[in-house]
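Q: Below: sequence and its predicted model.
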Amino acid sequence: MLRKIFTTKRVLMKPDPNKSADVIFSEGEKIRTLIKNLFKGSLAIRVVTAGSTNVCEQELVALGNAFYDVERFGVHFVASPRHADMLMVTGPVSRNMKEGLLRTYAAMPEPKIVVAVGDDAIDGGIFKGSYGVLDGAKNVVPVHYAIPGDPPSPTVIMNSLIAILLDLGKKHK
């Protein structure tokens with residue numbers, strides 16, 4: 001066993017320059033400042049999976065891992081729509097999820113901010129026109145913002161969140 005350990009080559013992974021910790025931290029600080037000004041400290045997000053393949057959810061879950069750790073910047077994913085400031089919808093809305101999405105939207109307090117995450121949630125993606133889906137979330141609830149990609153990476157989601165918060169700040173003034 002020891003011989004195997006000492007004779008095995010070490011593989012060094014080169015870090016992706018687009019995802020350096022400094023870039024993530026600077027983006028996060030922008031998010032923190034915007035959230036502090038707009039939401040008094042924290043942004044509560046409710047995610048509804050409306051019939052997706054779970055790739056967008058995995059990218060949203062990655063935002064909570066040790067590398068991105070968006071919780072330190074004031075972004076919290078919540079289980080109840082009654083506590084949510086923002087609703088993120090992933091996947092094309094299946095016929096079975098229409099009622100659940102409508103109920104979640106109705107349970108949210110005002111002002112309701114809805115974001116379609118991924119190509120499927122925007123217009124149905126590869127499932128567009130299928131008999132089992134109602135295509136994008138905009139066909140069921142009013143969608144205010146869209147984050148394109150199949151799936152969008154956590155960095156893209158963070159940058160889009162900054163753009164959304166900047167836009168909300170302009171509207172808030």
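A: Perfect, I can see it now. Numbering: from 1, shown residues only.
Q: okay, CA-based contacts and neighbour counts for the rest of this
A: Noted.
Q: got a list of what the residue nearest the centre of the chain touches?
A: In the chain, the centroid-proximal residue (CA atoms, centre = their mean) is residue 60; its distance is 4.7 Å. By CA atoms under 8 Å, 6 or more residues apart in numbering, residue 60 lies in contact with 154, 157.
Q: Wait, a helix at residue 64?
A: No. Counting by DSSP: H, G, I helix; E, B strand; the rest coil, residue 64 falls outside a helix, being coil.
Q: any idea of the pLDDT on the residue nearest to the centre of the chain?
A: What the model reports for residue 60 is a pLDDT of 92.
Q: same check, this time on residue 23
A: Here the pLDDT value assigned to residue 23 is 59.
Q: before we move on, back to that, which element is the residue nearest to the centre of the chain on?
A: Of the helices and strands defined by DSSP states H and E, residue 60 is found in helix 55-62.
Q: list the buried ones in that helix?
A: 55, 56, 57, 59, 60, 62 (16 or more other CA atoms under 10 Å).
Q: Then stretch 73-83?
A: By neighbour count, and taking 16+ other CA under 10 Å as the criterion, the buried residues in stretch 73-83 are 73, 74, 75, 76, 77, 78, 81, 82, 83.
Q: Dump the C-alpha coordinates for the helix holding residue 60 into CSV.
A: These are the backbone C-alpha positions of helix 55-62, laid out as CSV (Å, rounded to 0.1, in the frame of the first residue of the first chain):
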residue,chain,number,x,y,z
VAL,A,55,-29.1,20.4,-13.8
CYS,A,56,-30.1,24.0,-12.9
GLU,A,57,-30.8,22.9,-9.3
GLN,A,58,-27.3,21.5,-9.0
GLU,A,59,-25.8,24.8,-10.0
LEU,A,60,-28.0,26.6,-7.5
VAL,A,61,-27.0,24.1,-4.8
ALA,A,62,-23.3,24.8,-5.8
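Q: Many thanks, we can stop here.
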